[in-house]
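1. Here is the input, now give the coordinates:
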Amino acid sequence: MNERTKHIIGKILKHEGEGWNYEEGSYRGIMRKTYAKFQRETGETLPHDQLSEQQSDVVYAFYEWYIEKAKMDQLPKYLQYLHADFAVNAGRSSATKVIQWLVGTLADGVWGAKTERAVAKFFSEDREDTQKPDFKNKVIAYYDCAKRIYYRGLAAQSEKFKRYLKGWLNRCDQVLAATKDCNEALNITGDAGTAGDES
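-> Below is the predicted model of the structure:
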C-alpha cells in the first residue's frame, strides 16, 4: 500500500467510528456482505465478527481493496480523497455517477471503458481548461455540491434518511475542509478552496 492511499484511508476512518456499530452490524463502516466479497477476492480468512483494533492491517487492506474498485487511482490526486470518501459513505455506484456527470458521459454508475476514456480526456493536461488556475477548485466544488444534492435527495425520500442528513452534511463540510490539508500532506499542489452550499 502506498503512502497516499494509506493517508486517505486514515482520513476516511476518522468518519467511520472507533469500533462496532451493532445496529447495522458493521465494524468501522465494514459491512458483513461487502467484507465477504473482499474475502472471496483476496483470500482473507479473518471472520467479519473478529474485526477489532488489533486487526488494523485487515481494516486497511479492506479499504484499499474497496477504494481501488472505486477507480480512485484514475483520478487526479487532488480529487482522490473526496471521491474515495464518498464511495465509502454512499457506495461506489453513486460516486461513479458524480464523476460521470462531471466528465459528461452516461451516468449509469458503472466505471467501464467509456467512462475511463472520458475521465482521461476530461483531465488531460492537453486540454486548455485543465491549465486554468481555478480548474481544480471548480472540480472540487462541483464534486462537493453533487454530494450534498445526493444526500438531500435521500433525506427527501424518507424520515429514516432524513435523520442522517445533518451528519452527512457535517461530513461533507469536514471532508471538504480536510481536502486541502490532505493534498498538502501528499505534496499535491492546488488549493481546495470552498464550495458554496447550494439551496
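2. okay, CA-based contacts and neighbour counts for the rest of this
-> Fine.
3. need the helices for this protein, in chain order.
-> Secondary structure of the chain, counting by DSSP state H: helices at 3-13, 32-42, 56-69, 77-90, 92-103, 113-122, 135-157, 159-162, 165-185.
4. What residues sit buried inside the longest one?
-> Residues of helix 135-157 classed as buried by neighbour count (16 or more other CA atoms under 10 Å): 136-137, 139-148, 151-152, 154-155.
5. Just list the residues touching the residue of the chain positioned farthest from its centre, thanks.
-> Ranked by distance from the centre of the chain (CA atoms, centre = their mean), the top residue is residue 128, with 27.0 Å. Not one residue lies near residue 128 by CA atoms under 8 Å, 6 or more residues apart in numbering.
6. pLDDT score for it?
-> Looking at residue 128, its pLDDT stands at 89.
7. now residue 16
-> Residue 16 is given a pLDDT of 87.
8. who's in contact with the closest residue to it other than its chain neighbours?
-> Once flanking residues are discounted, residue 16 sits nearest to residue 28: 4.8 Å by CA to CA, 6 or more residues apart in numbering. Residues in contact with residue 28 (CA under 8 Å, 6+ apart) are 13, 16-21.
9. related to what we said a few turns ago, redo the helices of the chain as JSON lines? Include mean pLDDT.
-> Output for the helices of the chain, formatted as JSON lines (pLDDT from 0 to 100):
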{"stretch": "helix 3-13", "mean pLDDT": "91"}
{"stretch": "helix 32-42", "mean pLDDT": "95"}
{"stretch": "helix 56-69", "mean pLDDT": "95"}
{"stretch": "helix 77-90", "mean pLDDT": "94"}
{"stretch": "helix 92-103", "mean pLDDT": "96"}
{"stretch": "helix 113-122", "mean pLDDT": "96"}
{"stretch": "helix 135-157", "mean pLDDT": "94"}
{"stretch": "helix 159-162", "mean pLDDT": "91"}
{"stretch": "helix 165-185", "mean pLDDT": "83"}
